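Asker: Everything below, folded, please.
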Amino acid sequence: MTAIVFERKIAEDVIIEAARKALQSCGIIVVPTDTIPGIGCRADDSAAVRRLFELKERPENLPIPVILGDTEEIRHYVSEVPPLFFELAERYWPGPLTIVLRSSGRIDSLVGGGRDTIGFRVPDSSLVRGIARAIDGPLALTSANPHAFEPSAMHEKLLAWWNHEVELIVLGRSTVSGPASAVVDLCSDPPCVLREGLIDPEELRTALCK
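Answerer: Down below sits the predicted model:
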């Protein structure tokens, strides 16, 4: 059975604890973020990751971003941290920027779409950061829409898609869909913008050229 809660009606720490419990044993949750609503699971739970791909009907070659509770956690999951990463993280985290780095192998390669790279983000959402800290591990979180549909923050759509399919749905304060995060790849030479988002793309390209 899916538990459904409204973000504006319940204390954040209560929601975080509910999410922590829901993410146990292959659990999946739907939550509001600082960009579009997300659907996700523990990134270190291979069975949950596979279930997430199946529920979304998402092609396995499409990577899913990994959410961290804070910047310093990055050292646990990547093989090296380039200096440019810290410049970008200091400037844009918490915020709508996903940074692609070389994986250390601690996270299932399916999360990275079968590649040896993974996109990481620390969102500007105390709720989502709190969930990542509560599970003491990385959170694989992607847009909360089936693969064939456009993202939406409308409560009706989120419930139609995921009620009775996931363990927890947190309905956010806003029903307005915003842009996804921008994505930059620090593994390419030179580093590049893979997807434009809320951050000004020219500003981002200038930052990558430093």
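Asker: my read is Glu156 is in a helix, agree?
Answerer: Yes. Assessed with DSSP: H, G, I helix; E, B strand; the rest coil, Glu156 lies in a helix.
Asker: Which pLDDT does the model give it?
Answerer: Looking at Glu156, its pLDDT is 96.
Asker: Pull the contacting residues for Val31.
Answerer: Contacts for Val31 (C-beta atoms under 8 Å, 6 or more residues apart in numbering) come out as 19, 37-38, 40, 127-128, 131, 141, 144, 170, 172. Backbone N, C-alpha and C define where each C-beta goes, glycine included.
Asker: let's see 6 Å
Answerer: The contact partners of Val31, by C-beta atoms under 6 Å, 6 or more residues apart in numbering, come to 38, 170.
Asker: and if you look at Thr142?
Answerer: Here Thr142 is in contact with Ile64 (C-beta under 6 Å, 6+ apart).
Asker: and Arg173, what pLDDT?
Answerer: According to the prediction, Arg173 has pLDDT 77.
Asker: just Leu84 next, same as before
Answerer: Among the per-residue scores, Leu84 shows a pLDDT of 96.
Asker: for it, helix, strand, or coil?
Answerer: Put simply, Leu84 is helix when judged by three-state DSSP.
Asker: got a list of what the residue nearest to it when sequence neighbours are not counted touches?
Answerer: Nearest in space to Leu84, with sequence neighbours left out and distances taken as C-beta to C-beta, 6 or more residues apart in numbering, is Leu186 at 5.9 Å. Counting by C-beta under 6 Å, 6+ apart, Leu186 touches 82, 84, 101.
Asker: just so I have it, where are all the strands in this structure?
Answerer: Here the chain has its strands, by DSSP state E, at 3-6, 29-31, 38-42, 66-67, 97-102, 117-121, 139-143, 168-171, 182-185, 192-195.
Asker: got a markdown table for those strands, with distance to Glu12 too?
Answerer: Shown next, in a markdown table, are those (distance: least, C-beta to C-beta, whole Å):
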| stretch | distance to Glu12 |
| --- | --- |
| strand 3-6 | 11 |
| strand 29-31 | 11 |
| strand 38-42 | 16 |
| strand 66-67 | 16 |
| strand 97-102 | 23 |
| strand 117-121 | 19 |
| strand 139-143 | 16 |
| strand 168-171 | 10 |
| strand 182-185 | 26 |
| strand 192-195 | 29 |
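Asker: State the number of residues packed around Ala11.
Answerer: 8 (other C-beta atoms under 10 Å).
Asker: same question but for His76, I mixed them up
Answerer: Based on other C-beta under 10 Å, the number of other residues close to His76 is 12.
Asker: Can you tell me the closest non-neighbouring residue to it?
Answerer: Here the residue nearest His76, using C-beta to C-beta, 6+ apart, is Arg106, at 6.6 Å.
Asker: pLDDT wise, what is the one you found at?
Answerer: Arg106 is assigned a pLDDT of 93 by the prediction.
Asker: thought it was touching Ser79?
Answerer: No. With contact defined as C-beta atoms under 6 Å, Arg106 does not count as touching Ser79 (9.9 Å).
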